[in-house]
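> task: produce atomic coordinates for the following.
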Amino acid sequence: MSHRKAMVIGTGHVGSHVAMALAFDHTADEVVLVDKDEKKAKAHALDIYDAMSFSSHSVLVRAGDYSDVEDSDVVVIAIGEPRKPGQDRVDMLDHSIIMCKELIASLKPYKIPGIVISITNPCDVIADYLRKGLGVDDCRMFGTGTLLDTARLVRVLSRQTGVSRDSIQGFVMGEHGESSMIPFSQIHIGALKYSDFDLSDEDVLTEMRRGGWVIVEGKNCTEFGIGRAAAYMAGVILRDEKKILPASVNLHGEYGENDVQIGVPCVIGGEGIERVLEIPLTDEEKEQFHHSCDVVRGNIAIAAAK
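Numbers count the residues shown, from 1 in each chain. Here you go, the predicted model:
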């Protein structure tokens, strides 16, 4: 891409950090911030643009409007409110659907040729709702899904084994939520298997799932981790890197599942989701994954009825 343009819709805690990461990493040549609170979008854009004086990269950061979607290579949707202490991601569904309806109405007049990444919680359900509402192809409209959960898994494993994060390979799959699951059979730590280490599956799973709760309870929101995760995913697309990352995508028979937006490992590049990878799962892991799909499928049905 000769001129890489990224658009961030929603400039709250997460959206502003996505824009900051996109600009500072020189992921895009132009970063456009859009919010229904135009004054806020302009303020964030100016603040980030000031910060670029201390960067070696030349990136245009500005506020825009919904028409910018027509020539944006990547659009990151970060609308919604931060999760509050004690609040499950699904508890945010009603308010998120209201905001999604407003956003769909605002974007309907414009063509969306680029790749759309959704962050808004509950991530899998909202990615599905927006994909259908905006009429964007499966491969071009998806959620960050279990990408942040996977980062937390790697952090937990690094702490428990004393091994660098760079040497740990594995994924969290399923819902970005309480039914998420870990395919422990497919985790590799350097040249060793997960089973070569004396670790507790239950402790690892619990600490991974609790990662978000601990942050929200401490400061009433999460922002840096998910902001960086979304910007990283956008960079993989803009640079056509074809990396394997987990994302929340609509399945068409993969893992024996259909018509459910769920977190699975994918090859991601300039065309968005270029391939869904079906990694081997044990019978127990398959059961856990199908359960998570059922949970998300039920919430998708609830969202559709609103």
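
> can you pull out the helices in the stretch 201-306 of the chain?
201-219, 224-238, 283-304 (DSSP state H, counting those that start in this stretch).

> got CSV for these, with distance to Arg140, mean pLDDT and mean neighbour count too?
(Glycine included, C-beta is placed from N, CA and C.) Below are the helices of the stretch 201-306 of the chain laid out as CSV (distance: least, C-beta to C-beta, whole Å; pLDDT from 0 to 100; neighbours: other C-beta atoms under 10 Å):
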stretch, distance to Arg140, mean pLDDT, mean neighbour count
helix 201-219, 27, 94, 15
helix 224-238, 10, 97, 23
helix 283-304, 19, 97, 17
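
> reformat those as CSV; add distance to Glu70.
Shown next, in CSV, are these (distance: least, C-beta to C-beta, whole Å):
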stretch, distance to Glu70
helix 201-219, 34
helix 224-238, 17
helix 283-304, 27
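
> residue boundaries of the helices in the stretch 1-150 of the chain?
Going by DSSP H, counting those that start in this stretch, the stretch 1-150 of the chain shows helices at 13-24, 38-51, 93-107, 123-134, 147-161.

> wait, doesn't Tyr66 sit right on Leu107?
Yes: using C-beta atoms under 8 Å, Tyr66 is in contact with Leu107, at 5.7 Å.

> who has more neighbours, those two?
Per other C-beta atoms under 10 Å, whichever of Tyr66 and Leu107 has more neighbours is Leu107, with 23 against 17.

> and that one, how close does it get to Gly133?
Leu107 is 9 Å from Gly133, where distance means C-beta to C-beta, to the nearest Å.

> show me where pLDDT drops low in the chain?
Along the chain, the model assigns pLDDT under 70 to residues 1, 82-89.

> okay, which residue is most central for it?
Nearest residue to the geometric centre of the chain (C-alpha atoms, centre = their mean): Thr144, 1.6 Å.

> coming back round to it: can you say which of the helices of the stretch 201-306 of the chain is nearest to Glu175?
Evaluated with C-beta to C-beta, the helices of the stretch 201-306 of the chain place helix 283-304 nearest to Glu175, the distance being 4.8 Å.

> now for the closest one, which elements pack on it?
helix 93-107, helix 123-134, strand 258-269 (3 or more C-beta pairs under 8 Å, 6 or more residues apart in numbering; DSSP states H and E).

> and of these, who's closest to Met20?
Across these, the minimum distance to Met20, taken as C-beta to C-beta, is reached by helix 123-134, at 20.7 Å.

> export that closest one to CSV, keeping only CA atoms.
Provided in CSV are the C-alpha atoms of helix 123-134 (Å, rounded to 0.1, in the frame of the first residue of the first chain):
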residue,chain,number,x,y,z
CYS,A,123,-16.3,-8.9,21.2
ASP,A,124,-17.6,-12.0,19.4
VAL,A,125,-21.2,-11.0,19.5
ILE,A,126,-20.6,-7.4,18.4
ALA,A,127,-18.3,-8.4,15.6
ASP,A,128,-21.1,-10.7,14.3
TYR,A,129,-23.7,-8.0,14.7
LEU,A,130,-21.7,-5.4,12.9
ARG,A,131,-20.6,-7.7,10.1
LYS,A,132,-24.3,-8.5,9.4
GLY,A,133,-25.4,-4.9,9.9
LEU,A,134,-22.8,-3.4,7.6
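
> could you name the helices and strands sitting against that helix?
helix 93-107, strand 115-118, strand 141-143, strand 243-252, strand 258-269, helix 283-304.

> who's in contact with the last one?
Contacts of helix 283-304 with the rest of the structure, by C-beta atoms under 8 Å, 6 or more residues apart in numbering, involve 90, 93, 97, 122, 124-126, 128-129, 173-175, 177, 179-181, 183-185, 251, 255-257, 259-262, 281.

> of those, grab the buried ones for ChimeraX.
Buried subset of those, written as a ChimeraX selection, criterion 16 or more other C-beta atoms under 10 Å:
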select :90,93,97,122,124,125,126,128,129,173,174,175,177,179,180,181,183,184,251,255,257,260,261,262,281
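
> one step back: and the residue nearest to the centre of the chain, what are its phi and psi?
Main-chain dihedrals, Thr144, degrees, to the nearest 10: phi -70, psi -20.
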